[in-house]
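K.L.:
Sequence and predicted structure are below.
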Amino acid sequence: MTTEHPVPAQRRSPEPESTTSTPAQRMIALGIVQADNPALRARARPFELPREAAEARETITRIRAAMDRVAAAHRFAKGMGMAAPQIGIDRAATVIRTGNGELVLLNPRIVDRSGEGETLFEGCLSFFDVRGEVERAACVTVEHRRLDGVVETTRFGGGLARHVQHEVDHLEGRLYTDRMPTGTDVIPLSEYQGTGRPWRDP
């Protein structure tokens, strides 16, 4: 948490179950698994590649379709990422879209974190009505696999590194709230509007 913008405790009123008026309820309607589902706390199963290449392709296709639905309902200034468990698929795949294109990661594992950490607000499609400040490494090195089973190692920096860390956490059964500083809490989206700083490019 930055000292300039202390985070107050979360304050939310229950919404009627019959409406889809809040951002979180719209995510539910679009098929996004929500944070109270134990599936988001389980480690996703890695693909055995290339043997399960067809399953991996199908998972990527389903993630992309869900992202298209979400993008049609909400604009994302900082890009959007989605992990397979967020649409009910227990496999280690994630897709990240930014202004620079699309990134697909299969069986990703962060093998190095470096650079000065930065604390910025993050959101999550699985509890979209709130935002929280999280410290992330400036750069990460990720080991991941291609569909043909070849292992690749890629280094990410800036805002993309933050996206990658967020999505890999999903595949390991973590939510960004697990990484928030002790004593802080998420804030309602209405309080966040206009207070967040941009994520830096690499």
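P.N.:
On my side now, so go ahead.
K.L.:
per-residue confidence for Val7?
P.N.:
In this model, Val7 is scored at 32, pLDDT.
K.L.:
where are the low-confidence patches of this structure?
P.N.:
1-21, 193-202 (pLDDT under 70).
K.L.:
show me where it has helices.
P.N.:
Secondary structure of the chain by DSSP state H: the helices cover 23-29, 53-73, 158-171, 189-192.
K.L.:
now for the shortest one, which elements pack on it?
P.N.:
Looking back up the chat, that one is helix 189-192. If you count contacts as 3 or more C-beta pairs under 8 Å, 6 or more residues apart in numbering; DSSP states H and E, helix 189-192 packs onto strand 130-136. To be clear about C-beta, it is placed using only N, CA and C from the backbone, and glycine gets the same treatment.
K.L.:
Quick check: neighbours of the strand it packs on in the sheet, parallel or antiparallel?
P.N.:
strand 118-122 (antiparallel), strand 187-188 (antiparallel) (DSSP bridges).
K.L.:
Reformat these as TSV; add distance to Leu49 and mean neighbour count.
P.N.:
Conversion of these to TSV gives the following (distance: least, C-beta to C-beta, whole Å; neighbours: other C-beta atoms under 10 Å):
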stretch	distance to Leu49	mean neighbour count
strand 118-122	30	19
strand 187-188	40	18
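K.L.:
Kindly reformat the ones you listed as TSV containing distance to Arg136.
P.N.:
As requested, these are exported to TSV (distance: least, C-beta to C-beta, whole Å):
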stretch	distance to Arg136
strand 118-122	7
strand 187-188	18
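K.L.:
still on that earlier bit, just name the most buried of the helices of the chain.
P.N.:
helix 158-171 (a mean of 22; mean count of other C-beta atoms under 10 Å).
K.L.:
so Asp178 touches Glu172, yeah?
P.N.:
No: Asp178 lies out of contact with Glu172 (C-beta atoms under 8 Å); the separation is 10.0 Å.
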